[in-house]
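Student: Have a look at this prediction, sequence included:
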Amino acid sequence: MSAIFKVYNPGWRRKDFEDYRRTLKNKATRNKCIQWPEDRKRILKDGNELSLYHGTTVKCTIGQTRQLVSNAANSASSSFLCDDQECSLCRILQVGFKKNKCRRGRFQRYGAGIYCSSVSSKANDYVKCSLPDYSYPAASHKSGAGAGHKSLCKVMIVSKVLVGHVYPSSQNITNLTAPPAGYDSVRGVPGPVLNYDEVIVYDDAAILPCYIILYSSSSP
């Protein structure tokens, strides 16, 4: 079971995003590294905007999390951001994505950046959930389907991402703190080291959270 919530982005965050879009479009007019006309056209149109998934850590019950797994009429619900500084979901909703906060202490194939993917199952691998387990009610007294099944409610963010001129790589480049010269982002191409794509941006203004998806999962 799942639910989708729209994210409210304050004016300053939308302005930073649109300012960055204009920066990418201006750069594209004089960037000699852009070899293909179609690439330049996409950037000049909208900064080469993509909708991508981002998996993160959640440590609170924001949204109707209990209802997602129990369907109880009086389910617990919260529409307020928590104060836990380790709850990455609430901190992203509060202040936006911050490059220096992402994946601290974890392996980063393409260095210190903000990681997303076009594949939801890939993003799911990075979701860490500290919410309590809830049990599905039995679907039928006769069959007992679902009885005793435990499930976690997990959260994933769908974001608009301005990728500009993308540097593709099928190999790890772990020392990056910015995209290679002439590029605005990096795309990890499936191949020897990746099964699914990754897209990495290195500017906080390049990504705007738009929706949160709450979903149940039998695995932590």
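Tutor: Happy to help now that I have it.

Student: So Ile207 is in contact with Ser159, correct?
Tutor: Yes. Distance between Ile207 and Ser159: 5.1 Å, which falls inside the contact criterion (C-beta atoms under 8 Å). For every residue, glycine as well, the C-beta is placed using N, CA and C.

Student: Quick check: which ranges of the protein have low pLDDT?
Tutor: By pLDDT under 70, the low-scoring segments of the chain are 1, 63-79, 103-106, 130-152, 218-220.

Student: What is the distance between the longest strand that it contains and the centre of its chain?
Tutor: As assigned by DSSP state E, the longest strand anywhere in the chain is strand 150-162. Strand 150-162 sits 7 Å away from the centroid of its parent chain (C-alpha atoms, centre = their mean, to the nearest Å).

Student: Now that strand: buried residues?
Tutor: Residues of strand 150-162 classed as buried by neighbour count (16 or more other C-beta atoms under 10 Å): 151-162.

Student: and the nearest residue to Thr56 once chain neighbours are set aside, how many neighbours?
Tutor: Of all residues not flanking Thr56 in the chain, Ser88 sits nearest, at 4.3 Å (C-beta to C-beta, 6 or more residues apart in numbering). Neighbour count of Ser88, defined by other C-beta atoms under 10 Å: 25.

Student: for Asp84, same thing?
Tutor: The burial count for Asp84: 15, using other C-beta under 10 Å.

Student: list residues touching both of Ile207 and Ser159?
Tutor: Counting by C-beta atoms under 8 Å, 6 or more residues apart in numbering, the common neighbours of Ile207 and Ser159 are 54, 97, 116.

Student: tell me which residues form a beta bridge with the first one?
Tutor: Read it as His54. Counting by DSSP bridges, His54 is bridged to Ile157.

Student: Could you check how many residues crowd around it?
Tutor: Counted with other C-beta under 10 Å, residues neighbouring His54 total 24.

Student: how close does it get to Val161?
Tutor: 9 Å (C-beta to C-beta, to the nearest Å).

Student: what's the overlap in contacts for those two?
Tutor: Common contacts of His54 and Val161 (C-beta under 8 Å, 6+ apart): 116, 207.

Student: Where do the strands of the chain begin and end?
Tutor: Going by DSSP E, the chain shows strands at 2-6, 49-55, 57-58, 114-116, 128-129, 134-135, 150-162, 166-169, 185-188, 198-201, 207-217.

Student: In TSV, list the ones you listed along with distance to Lys25.
Tutor: What follows is the strands of the chain, written out as TSV (distance: least, C-beta to C-beta, whole Å):
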stretch	distance to Lys25
strand 2-6	26
strand 49-55	11
strand 57-58	34
strand 114-116	20
strand 128-129	36
strand 134-135	47
strand 150-162	10
strand 166-169	15
strand 185-188	15
strand 198-201	16
strand 207-217	16
